[in-house]
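Asker: give me a model of this one.
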Amino acid sequence: MITKERIVEESLKLFINYGVKGVTVERISKDLRMSKRTFYEHFENKKQLLKECLVVYDGITRNEHEKIKAASTNTMEALFRWNDAIMTRMDLVNPNFFNDIQYYYPGLLEGFIHKYGDFLYDTLLELCESGISEGLFNKGVHKEIFAKTVQSLVQLFKDTDKFPPLTYSKVALTFNILGPYIKGVCTEQGRHLIRTYEERIKSTYAGLGFTDLEGRTF
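Answerer: Here you go, the predicted structure:
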């Protein structure tokens, strides 16, 4: 028997791979080898299915963050791991997953955030608070401004019109968009950890030809 949970799970995979517009109820029904009638026994329409998929996707990212937090010895390491996770997710998730929702289902994402909270924003607030308490961020850093700024910078990564993936690697975007801002709010102790992170990335991605926070080209 095809359960509601199975439909959500498999539909989310399709949306993540192909975006929302092209994944119709017919496509979902065919992939799951079920009738459209079965689909409509569980969901009023595709919009309701999307709401359920967003709940599952949100749970995945929250669980990912908890694992990152548990595995990190300090805020800077958590921030680096968090950035790596976002970069990995950007490679796996079709940008049209969210773009299509925004365009074809206006208000859906905003309604979801209103109900469940803005997890990215809350995560950044938490990282800023812990960074200040650990002496890695300057005490004068405004937590809300920090969270909103980093959130906006991360959105730039997704703008493939400005930054075509074949021209700008995600590593280059990290060090030239997000990196300078993070370094600017850090104490010397925090900047030391950034330099350590840079060296690790440099050895991993040598030859990509991007500039780090000190102006050196890899």
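Asker: average pLDDT across stretch 71-86?
Answerer: For stretch 71-86, mean pLDDT is 90.
Asker: list the buried residues in that stretch.
Answerer: 72, 74, 75, 76, 77, 78, 79, 80, 81, 82, 83, 86 (16 or more other CB atoms under 10 Å). Any C-beta I mention is one placed from the backbone N, CA and C, and that applies to glycine too.
Asker: what's the residue of the chain positioned farthest from its centre in contact with, if anything?
Answerer: For the chain, the largest distance from the centre (CA atoms, centre = their mean) belongs to residue 37, which lies 34.5 Å off. Residues counted as contacts of residue 37 (CB atoms under 8 Å, 6 or more residues apart in numbering): none.
Asker: and residue 110, how far from residue 116?
Answerer: 11 Å (CB to CB, to the nearest Å).
Asker: can you give me the strands in the chain?
Answerer: Counting by DSSP state E, the chain has no strands at all.
Asker: residues in contact with the nearest residue to residue 99 once chain neighbours are set aside?
Answerer: Excluding the flanking residues, the one nearest residue 99 by CB to CB, 6 or more residues apart in numbering is residue 19, at 7.3 Å. Neighbour list for residue 19: 94, 95, 96, 97, 99, 100 [criterion: CB under 8 Å, 6+ apart].
Asker: just send those residues back as TSV, with neighbour count, distance to residue 50 and pLDDT too.
Answerer: Formatted as TSV, the contacts of residue 19 follow (neighbours: other CB atoms under 10 Å; distance: CB to CB, whole Å; pLDDT from 0 to 100):
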residue	neighbour count	distance to residue 50	pLDDT
94	18	14	90
95	13	16	85
96	18	13	90
97	21	10	93
99	14	13	90
100	19	9	94
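Asker: which of those residues fall within helices?
Answerer: 96, 97, 99, 100 (DSSP state H).
Asker: that's all I had, so thanks and see you.
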